[in-house]
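Undergrad: sequence and computational prediction follow.
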Number of protein chains: 2
Amino acid sequence: MPRRRADQPGASPGEERRSTIRDVASRAGVSVATVSRVLAGNYPTAPATRSKVLRAVKELDYVVNVHARALAGVGQKTIAILTREVVTPFYAMIIQGAEQQAAQEGRLCLVCTTRSEPDRELAYIKMMREQGADAVIIVGGVTETPEYRKQLVQYAQALNSAGSHLVLCGRPGLGEDVPALVAHYDNEGGAYAATSHLLSAGHERVMYLGGIPGFTTSEPRFVGYQRALADRGLEPVMYRGLHGTDFGYRTIKGLLQKGPLPATAIAAADDSCAAGAIMALREAGLRVPEDVSIVGYDDVPMAAHMWPPLTTVHIPAEELGRTAVRMALHQSAPTNRETILGTHIVVRSSVARRIA
Amino acid sequence: MPRRRADQPGASPGEERRSTIRDVASRAGVSVATVSRVLAGNYPTAPATRSKVLRAVKELDYVVNVHARALAGVGQKTIAILTREVVTPFYAMIIQGAEQQAAQEGRLCLVCTTRSEPDRELAYIKMMREQGADAVIIVGGVTETPEYRKQLVQYAQALNSAGSHLVLCGRPGLGEDVPALVAHYDNEGGAYAATSHLLSAGHERVMYLGGIPGFTTSEPRFVGYQRALADRGLEPVMYRGLHGTDFGYRTIKGLLQKGPLPATAIAAADDSCAAGAIMALREAGLRVPEDVSIVGYDDVPMAAHMWPPLTTVHIPAEELGRTAVRMALHQSAPTNRETILGTHIVVRSSVARRIA
DNA sequence: CATCTGACGGTAACCGTTTACTGAAACACT
DNA sequence: AGTGTTTCAGTAAACGGTTACCGTCAGATG
């Protein structure tokens, strides 16, 4: 039963119908096959025909319908990037790297924000399966619950059986038998290095500040901190709870109201936490790094422009994103499903030697 | 001519074929129409049939093919966001707002980064036309050249004739007769207010720092600055050139090497420029705001956490993004094609009264 | 001059859905 | 029982492309 084929006169006035390959064909006086072939350029066509078609295309301002094309099996596959949000510079940088690589490989990128809602995340994954995306990359850590994990495993399998890949970027893998790729970085090593840096500057009471217990990025950082302390037989002093500037600010401010800081140095869970802490210290009349030393984590762009410039742990965020895309696209061998990038400390001016 | 229909035995081993509505239908022992209707839920179905279908769907792990669905006319439309990049917090915030609104309206968002390359931008616009996106939102300013402008006008028309919209977000419109929506903010007013703030604190030599001449966001800011000065009969002192921390840092540092700063206050083209300037001032032993006052522009999250906390011009970035999406989706009346959001100064601690 | 051979263009099957239309039961009425 | 209504399922025509297959016609070859 014909449904519309809006060729009757008196078509709706406002809405222009998008021109199809058939329109082009009839305008050029050839068949649709010829138009398709001229556009694809994968079949011999007489120069005269060719130019007739191209002229018609230009006149009608024709663009192919990707849906139809995809349905016919020649789909331009896309890569989806799922992230909590884009405003956090760390995520933004990963995304930037991923998009660069994707662009280089001729892929279109879909960035979707999930706002930490597992439901939204899962909904997007489903959407991507429908779209037929050839990879979905999940960016950033998460607080893992057993149910969430189970869901993810299931989706990894579903994606896999549909011929596409799930890539976990900046988050640990799901286990040997789960068909997911992993592009991760060394959280624990960075924290160990940062804490050691403080320690070797003579500090003996080093506080760990911030981080969400159970969060996949926080936990290993905390472990690295503990290990560095344990290696020298020192006791941890920790104030964990949340990420972000506010937490750092409020925690240090509260501590300072109760008395002197129970540490001479702070290892912050991330740069913004460090920024908050510095603010609170400064408001209380303490100097950084003369009175209190501090290191951050992430090396966001702001870190270099803070006062004092923040010593922190650099994560190769852009490279991480790029790696994720590369893995997704060229994952030929089933081996090497996991790439761990190194982290390193970048020393600036927020740490001072402790004079004993 | 049958092409594949992979039902022959001995199908390729590695690649699973994605199951179709036909597979579900035959497994459930009903017709494809019935499956479609059960899934859509817009047509009466007997409970028994219903559950048979649902079971088959679950067993085969079936998801609809969006391309086919779109082709059949029930497309989930998407909205595309084009931006230079995502790492600049100002853009990130606009994007965040846009995505929030889009999610609220049940739309999927495509974020694409153009890296300032007009070619890439134009290529993405074409891609979006193919996709049949129902709006493309271009975020952020640009240095307009006549050719670029002409191209954009052409694409606005093409998009419009395909029934979708072009929205310029944070950038001025293209003229009365061009079918583009505009969600913009008051650049000039903000700069006027910021400069006036400095002026009414007693400063008489106020320097304008940064901004790219000809850039759509820079130019009006500079005009606002000039107007504020002119209103009091003062002469402008300007060092323009680029956006960003580096420019601010290098310019002020260079100036300071040559002698005392030719101003007692700085109106920066943006917050990061201000951050760079502060750094250079500090390195030269000058205090902010005691020796030099400064105001920024944009009110990025960092501004509140800088030292000193930066007085700056707030742009309702998230609301700007939200507005863009709302306009794109509900643009019913052809009037009101342009929304200009207000900007206002937020005073923190980077401006001090000048003691005459 | 007959036949072969490419080059080129058209015809139509197919991709996976949606949905108007048709038809067949089942039920409710006279 | 005969007829009118529902209720529910199936058939098949689009949607807008791609491409295998098959003609046709011109030039090359024997």
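TA: Good, I have the coordinates.

Undergrad: helix/strand/coil for A:Gly241?
TA: Put simply, A:Gly241 is coil when judged by DSSP: H, G, I helix; E, B strand; the rest coil.

Undergrad: quickly note the distance from it to DNA strand D.
TA: According to C-beta to the nearest atom of the strand, to the nearest Å, A:Gly241 stands 53 Å off from DNA strand D. The C-beta positions use only the backbone N, C-alpha and C, and glycine is treated the same way.

Undergrad: okay, now that residue: neighbour count?
TA: Look at A:Gly241: counted by other C-beta atoms under 10 Å in any protein chain shown, it has 17 neighbours.

Undergrad: looking at it, it is touching A:Gly254, isn't it?
TA: No: using C-beta atoms under 8 Å, A:Gly241 is not in contact with A:Gly254, being 11.3 Å away.

Undergrad: per-residue pLDDT of the closest residue to A:Ile252 other than its chain neighbours, please?
TA: Among residues not flanking A:Ile252 along the chain, A:Ala280 sits closest, at 3.8 Å (C-beta to C-beta, 6 or more residues apart in numbering or on different chains). A:Ala280 is assigned 93 on the pLDDT scale.

Undergrad: am I right that A:Ala280 is in a helix?
TA: Yes: A:Ala280: assigned to a helix according to three-state DSSP.

Undergrad: if I look at it, how far off is chain B?
TA: Separation of A:Ala280 from chain B (C-beta to the nearest C-beta, to the nearest Å): 11 Å.

Undergrad: for that residue, what are its contacts?
TA: A:Gly248, A:Tyr249, A:Arg250, A:Thr251, A:Ile252, A:Lys253, A:Leu256 (C-beta atoms under 8 Å, 6 or more residues apart in numbering or on different chains).

Undergrad: any idea how far DNA strand D is from it?
TA: For A:Ala280, the distance to DNA strand D equals 60 Å [C-beta to the nearest atom of the strand].

Undergrad: over to A:Pro172?
TA: Taking C-beta to the nearest atom of the strand as the measure, A:Pro172 falls 40 Å from DNA strand D.

Undergrad: secondary structure class for that residue?
TA: Under three-state DSSP, A:Pro172 falls in the coil class.

Undergrad: next one: A:Gly141
TA: With three-state DSSP as the basis, A:Gly141 sits in coil.

Undergrad: let me see the ranges of the helices in chain A.
TA: Secondary structure of chain A by DSSP state H: the helices cover A:21-28, A:32-40, A:47-60, A:66-69, A:89-104, A:118-131, A:146-161, A:187-200, A:218-231, A:245-258, A:271-283, A:317-330.

Undergrad: just checking, what packs against the lowest-mean-pLDDT helix or strand in chain A?
TA: None of the helices or strands of chain A scores lower by mean pLDDT, DSSP states H and E than helix A:118-131, at a mean of 76. Counting contacts by 3 or more C-beta pairs under 8 Å, 6 or more residues apart in numbering or on different chains; DSSP states H and E, helix A:118-131 packs against strand A:78-83, strand A:108-113, strand A:135-139, helix A:146-161, helix B:66-69.

Undergrad: deepest-packed of those, please.
TA: Stretch with highest mean neighbour count among the helices and strands packed on helix A:118-131: strand A:135-139 (a mean of 27; mean count of other C-beta atoms under 10 Å in any protein chain shown).

Undergrad: A:Leu60 and A:Asp23 touch, don't they?
TA: Yes: contact criterion C-beta under 8 Å: A:Leu60 and A:Asp23 qualify, at 5.7 Å.

Undergrad: which of those two has more residues huddled nearby?
TA: A:Asp23 (19 against 15).

Undergrad: name all residues that make contact with that one.
TA: The neighbours of A:Asp23, taking C-beta under 8 Å, 6+ apart as the test, are A:Leu60, A:Tyr62.

Undergrad: relative to DNA strand D, how far out is A:Leu281?
TA: As judged by C-beta to the nearest atom of the strand, A:Leu281 and DNA strand D stand 63 Å apart.

Undergrad: for that residue, give me its contacts.
TA: A:Leu281 sits in contact with A:Ile252, A:Leu256, A:Arg287, A:Val288, A:Asp291, A:Val292, where contact means C-beta under 8 Å, 6+ apart.

Undergrad: hmm, back to that, nearest to chain B, of the contacts of A:Ala280?
TA: Among those, A:Tyr249 lies closest to chain B (C-beta to the nearest C-beta), at 8.5 Å.

Undergrad: how about the residues of the stretch 1-150 of chain A near DNA strand C?
TA: Counting by C-beta under 7 Å from any atom of the strand, the stretch 1-150 of chain A comes close to DNA strand C at A:1, A:3, A:29-34, A:44-46, A:48-49, A:68, A:71-73.

Undergrad: quick one on the thing from earlier: just the C-alpha atoms of the least confident helix or strand of chain A, please, in CSV.
TA: The C-alpha trace of helix A:118-131 is given here as CSV (Å, rounded to 0.1, in the frame of the first residue of the first chain):
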residue,chain,number,x,y,z
PRO,A,118,23.7,3.2,35.4
ASP,A,119,20.3,3.1,33.8
ARG,A,120,21.3,5.8,31.4
GLU,A,121,24.5,4.1,30.6
LEU,A,122,22.8,0.8,29.9
ALA,A,123,20.2,2.5,27.8
TYR,A,124,22.9,4.1,25.7
ILE,A,125,24.6,0.8,25.2
LYS,A,126,21.4,-0.6,23.9
MET,A,127,20.9,2.3,21.6
MET,A,128,24.4,1.7,20.3
ARG,A,129,23.6,-1.9,19.6
GLU,A,130,20.6,-0.7,17.6
GLN,A,131,22.7,1.8,15.7
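
Undergrad: just the buried positions in that helix, please.
TA: A:Arg120, A:Glu121, A:Leu122, A:Tyr124, A:Ile125, A:Met127, A:Met128, A:Arg129, A:Glu130, A:Gln131 (16 or more other C-beta atoms under 10 Å in any protein chain shown).

Undergrad: contacting residues around the nearest residue to A:Arg353 once chain neighbours are set aside?
TA: Distances taken as C-beta to C-beta, 6+ apart put A:Ala201 closest to A:Arg353, at 5.0 Å, once the chain neighbours are dropped. Neighbour list for A:Ala201: A:Ala265, A:Ser293, A:Val351, A:Ala352, A:Arg353, A:Arg354 [criterion: C-beta under 8 Å, 6+ apart].

Undergrad: does chain B sit close to stretch A:97-107?
TA: Yes: Stretch A:97-107 reaches chain B (C-beta under 8 Å from any C-beta of the partner chain) through A:Glu99, A:Ala103.

Undergrad: where's A:Leu209 relative to A:Ala280, distance?
TA: Going from A:Leu209 to A:Ala280 by C-beta to C-beta, to the nearest Å gives 10 Å.

Undergrad: pull up the overlap in contacts between those two.
TA: Counting by C-beta under 8 Å, 6+ apart, the residues touching both A:Leu209 and A:Ala280 are A:Gly248, A:Thr251, A:Ile252.

Undergrad: related to what we said a few turns ago, buried subset of the contacts of A:Ala280 as a ChimeraX selection?
TA: Here is the ChimeraX command that selects only those of the contacts of A:Ala280 that count as buried (16+ other C-beta under 10 Å):
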select /A:248,249,251,252,253,256
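
Undergrad: surely A:Leu82 is in contact with A:Ala135?
TA: No: contact between A:Leu82 and A:Ala135 fails when scored by C-beta under 8 Å: they sit 10.9 Å apart.

Undergrad: for A:Asp186, which non-adjacent residue is closest in space?
TA: Leaving out its chain neighbours, the residue that sits closest to A:Asp186 by C-beta to C-beta, 6+ apart is A:Thr343, at 5.0 Å.

Undergrad: list the contacts for the one you found?
TA: Shown in contact with A:Thr343 (C-beta under 8 Å, 6+ apart): A:Tyr185, A:Asp186, A:Asn187, A:Gly189, A:Gly190, A:Ala193, A:Val313, A:His314, A:Ile315, A:Pro316.

Undergrad: noted, bye for now.
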